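K.L.:
I would like the atomic coordinates for the input below:
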Amino acid sequence: MSDPLSADRFLAALRDEGLDVVEGPSWRTWNRNAKGPWGPVNGVVIHHSVTRGTDQTVQMCHDGYEGLPGPLCHGVIAKSGVVYLIGYGRTNHAGLGDPAVLDAVIAQRSLPVDTVATVDGNRHFYGFECENLGDGRDPWPEAQLDAIVKVSAALCRAHGWNAASVIGHKEWQPGKIDPSFAMAPMRDRIAARLGQGGPRRGTPTPARPQVSLSKLIEAARTNPQMAGTPVTYAGVVTVEAALVDEGLLSKVFQDGHYGTSTVTAMSGWQERCGYRGRAPGQAADGIPGRDSLTKLGAKHGFDVVN
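P.N.:
Presented below is the predicted three-dimensional model:
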């Protein structure tokens, strides 16, 4: 657990590790600090951007997109291995995550399976977006992987952490799939660069995510097109990930808020299951029902509870 580095120390740590760093406009003061605390910091989260091209990736991470304002990370790691600094301070990169994972990162031990999303990760982690489509086919050039190692080692070195302090977004927040490479071998590379033994590993206890039907219905009924205050429930992320895999929801809307895009996507899934609206020709309403949700869970690895 540490205070965040100053912007000058952060930049120096990256350059001292031998990285090619490009400073973005006003990166030192571009942040979300007005929206919540920044620090103590406990580790580094690695993401993939779901974008093609360095310029597009840098621009998106600086500006953000509808529903998620920038900056979206502290830096972009391009396929070339160049690191582009985007912002500094609190950034919109990690979202809510599992407190048991945070405890493991702080203790620098092997990670449990992430099953809930209740802790503010934007406060506790440095975040780096890596230019990649994240589809399992877009390659990861060695120059980029080496830069990920160096970025991670630089911050671990500066804070006195070991490689267990570096995690993937998919290890922090249920339903996320980034980055699209295995994190354990990456941590081994980081540990080797630091001259440390690898992180203490155990075998995570397998656990299927559980989605509460009642909480999901509550979240769906308070989406922005309906009356009420929007409800944030971690199980929404799990369901949205399944809808993304089904091709019914764009990944940019996989954000844990049961908004209009998720309603439309769930309606599409309900119709695949044979359900329609009450009136002739009316689309399904997108409010989860037990049968269609159970079928989605059976296909995508989550259980439905009350």
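K.L.:
quick one: the helices in the stretch 51-200 of the chain, in order.
P.N.:
With DSSP state H, counting those that start in this stretch as the criterion, the stretch 51-200 of the chain has helices at 54-63, 99-107, 121-124, 142-159, 169-172, 183-194.
K.L.:
out of these, deepest packed?
P.N.:
The highest average neighbour count among the helices of the stretch 51-200 of the chain, using mean count of other C-beta atoms under 10 Å, belongs to helix 169-172 at a mean of 24. The C-beta positions use only the backbone N, C-alpha and C, and glycine is treated the same way.
K.L.:
what about that helix, distance to the chain center?
P.N.:
6 Å (C-alpha atoms, centre = their mean, to the nearest Å).
K.L.:
that helix - what's its average pLDDT?
P.N.:
Averaged across helix 169-172, pLDDT comes to 95.
K.L.:
so this structure: which segments form each domain?
P.N.:
What the record gives for the chain is the domain set 7-194, 210-305, from automatic domain parsing.
K.L.:
and the shortest one, how far out from the chain's middle?
P.N.:
Think domain 210-305. The chain centre lies 20 Å from the centre of domain 210-305; the measure is C-alpha atoms, centre = their mean.
K.L.:
distance between the ends of that domain?
P.N.:
Distance between the two ends of domain 210-305: 7 Å, counting by C-alpha to C-alpha, to the nearest Å.
K.L.:
likewise stretch 115-132?
P.N.:
One end of stretch 115-132 to the other measures 25 Å (C-alpha to C-alpha).
K.L.:
tell me which residues of it come out buried.
P.N.:
Buried positions in stretch 115-132, judged by neighbour count with 16 or more other C-beta atoms under 10 Å: 115-117, 119, 121-132.
K.L.:
cool, stretch 131-141 as well?
P.N.:
Buried positions in stretch 131-141, judged by neighbour count with 16+ other C-beta under 10 Å: 131-132, 134, 140.
K.L.:
which one of those is nearest residue 58?
P.N.:
Closest approach between these and residue 58, by C-beta to C-beta: residue 131, at 8.6 Å.
K.L.:
distance of that closest one relative to residue 26?
P.N.:
21 Å (C-beta to C-beta, to the nearest Å).
K.L.:
try residue 102
P.N.:
Here the criterion is C-beta to C-beta. By it, residue 102 lies 30 Å from residue 26.
K.L.:
show me what stretch 166-179 is in contact with.
P.N.:
43-48, 50, 93-98, 101, 105, 111, 114-117, 121, 125, 130, 132, 134, 152, 156, 183, 186-187, 190, 209, 234, 237-241, 254 (C-beta atoms under 8 Å, 6 or more residues apart in numbering).
K.L.:
how many neighbours does the closest residue to residue 187 other than its chain neighbours have?
P.N.:
Excluding its sequence neighbours, the residue lying closest to residue 187 (C-beta to C-beta, 6 or more residues apart in numbering) is residue 163, at 4.4 Å. When neighbours are counted by other C-beta atoms under 10 Å, residue 163 registers 25.
K.L.:
got the contact list for residue 163?
P.N.:
With contact set as C-beta under 8 Å, 6+ apart, residue 163 has these partners: 152-153, 156, 187-188, 190-191, 194, 196, 198-199.
K.L.:
now those residues in a markdown table, with distance to residue 249?
P.N.:
What follows is those, written out as a markdown table (distance: C-beta to C-beta, whole Å):
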| residue | distance to residue 249 |
| --- | --- |
| 152 | 31 |
| 153 | 36 |
| 156 | 35 |
| 187 | 31 |
| 188 | 34 |
| 190 | 33 |
| 191 | 37 |
| 194 | 39 |
| 196 | 41 |
| 198 | 37 |
| 199 | 34 |
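K.L.:
nearest to residue 3 among these?
P.N.:
Proximity to residue 3 was ranked across these by C-beta to C-beta; first place goes to residue 156, at 15.5 Å.
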